[in-house]
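Asker: Fold the following and give me the result.
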Amino acid sequence: MLALSPGATQTEFFDVAGDGAGGGSPRMSAGAVVAAALAGLNRRNPPPSVVAGRSN
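Answerer: Take a look at the predicted model:
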């Protein structure tokens, strides 16, 4: 089991909610978030949680 904390992710949400909804924080692509999660799962001793993105 793995808990993923993705932070702001570039999705259609911002198209609907507007760019101001992100609070000005940089957004990761969905692919980069998935890659971070898979990298955590692929570790020899997977951590209980992964925080995706340096700014998070």
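Asker: relative to its centroid, which residue of this structure is most remote?
Answerer: Arg44 (21.4 Å; CA atoms, centre = their mean).
Asker: Can you give me the buried ones in the longest helix anywhere in the chain?
Answerer: Longest helix in the chain, counting residues (DSSP state H): helix 30-41. Under the neighbour-count criterion of 16 or more other CB atoms under 10 Å, helix 30-41 has 33, 36-37, 40 buried. All C-beta spots, glycine's among them, are computed from the backbone N, C-alpha and C.
Asker: Against Phe14, how distant is Gly20?
Answerer: Plainly put, Gly20 is 9 Å away from Phe14 if you go by CB to CB, to the nearest Å.
Asker: For this protein, just list every one of the strands.
Answerer: Here the chain has its strands, by DSSP state E, at 3-5, 9-10, 28-29, 49-51.
Asker: Just give me how far the lowest-mean-pLDDT helix or strand in the chain sits from the chain centre.
Answerer: Within the chain, no helix or strand scores below helix 13-17, which has a mean of 82 by mean pLDDT, DSSP states H and E. Relative to its parent chain, helix 13-17 has a centroid offset of 17 Å by CA atoms, centre = their mean, to the nearest Å.
Asker: Show me what that helix is packed against.
Answerer: Judged by 3 or more CB pairs under 8 Å, 6 or more residues apart in numbering; DSSP states H and E, helix 13-17 has no packing partners among the helices and strands.
Asker: Could you list which residues are in contact with the closest residue in space to Ala37 that isn't next to it in sequence?
Answerer: Spatial nearest neighbour of Ala37, chain neighbours left out: Leu4 (5.0 Å); criterion: CB to CB, 6 or more residues apart in numbering. Contact analysis of Leu4 by CB atoms under 8 Å, 6 or more residues apart in numbering lists 33, 36-37, 40, 49-50, 52.
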